[in-house]
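Asks: just a sequence and a predicted model for now, questions to come.
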Amino acid sequence: MYNTFVYWVVGTLSNKVNELSLLGGIVNGIGSLGSALAFAVSAKKASGIAQCAINAGLFFFSLPFFSVVVWRIKEDISEKHPEDEFPQTGIVSFEG
């Protein structure tokens, strides 16, 4: 559920495809880093309680930073239409 919320927040930050691709890649990279760290902690034979404590600690550590991003979301990011980003070349027209 938290992962879905993160991707929703990323989707609200911009209407530009390039920016959203970059932000989505950053989110995936951070997720991969978390998976690698979880594997490293598990390889050190940490107990289940210690692994849960590390996970919960990192989660609560991230909440203040994430809340700053959430509170800065604009009400309406559609200042210009997506068609303005990719102007028509005249070869293909989607208008009737």
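Replies: Cool, got the structure. Numbering: from 1, shown residues only.
Asks: what's the local residue count around residue 53?
Replies: The local packing of residue 53 (other CB atoms under 10 Å) involves 12 other residues. No exception for glycine: its C-beta is placed from N, CA and C like everyone else's.
Asks: list the contacts for it?
Replies: Applying CB atoms under 8 Å, 6 or more residues apart in numbering to residue 53 gives no contacts.
Asks: with residue 23 instead?
Replies: Contact analysis of residue 23 by CB under 8 Å, 6+ apart lists 10, 13-14.
Asks: how about JSON lines for these, with pLDDT, secondary structure and distance to residue 30 added?
Replies: What follows is those, written out as JSON lines (pLDDT from 0 to 100; DSSP: H, G, I helix; E, B strand; the rest coil; distance: CB to CB, whole Å):
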{"residue": "10", "pLDDT": "85", "secondary structure": "helix", "distance to residue 30": "11"}
{"residue": "13", "pLDDT": "82", "secondary structure": "coil", "distance to residue 30": "15"}
{"residue": "14", "pLDDT": "80", "secondary structure": "coil", "distance to residue 30": "18"}
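Asks: and the residues you listed, which of them are buried?
Replies: Judged by neighbour count, with 16 or more other CB atoms under 10 Å as the criterion, the buried members of the contacts of residue 23 are residue 10.
Asks: nearest residue to residue 24 other than its sequence neighbours?
Replies: Across the structure, with CB to CB, 6 or more residues apart in numbering as the measure, the residue nearest residue 24 apart from its sequence neighbours is residue 10 (6.1 Å).
Asks: also residue 58?
Replies: The spatial neighbour of residue 58 that comes closest, neighbours along the chain excluded (CB to CB, 6+ apart), is residue 34 at 7.8 Å.
Asks: neighbours around the one you found, how many?
Replies: Using other CB under 10 Å, residue 34 is surrounded by 12 other residues.
Asks: also residue 61?
Replies: 9.
Asks: against residue 15, how distant is it?
Replies: Distance check for residue 61 against residue 15: by CB to CB, to the nearest Å, it reads 31 Å.
Asks: next SSE after the longest helix seen in the chain?
Replies: Among the elements of the chain assigned as helix by DSSP state H, the one spanning the most residues is helix 17-43. Towards the C-terminus, the helix or strand next in line after helix 17-43, according to DSSP states H and E, is helix 48-71.
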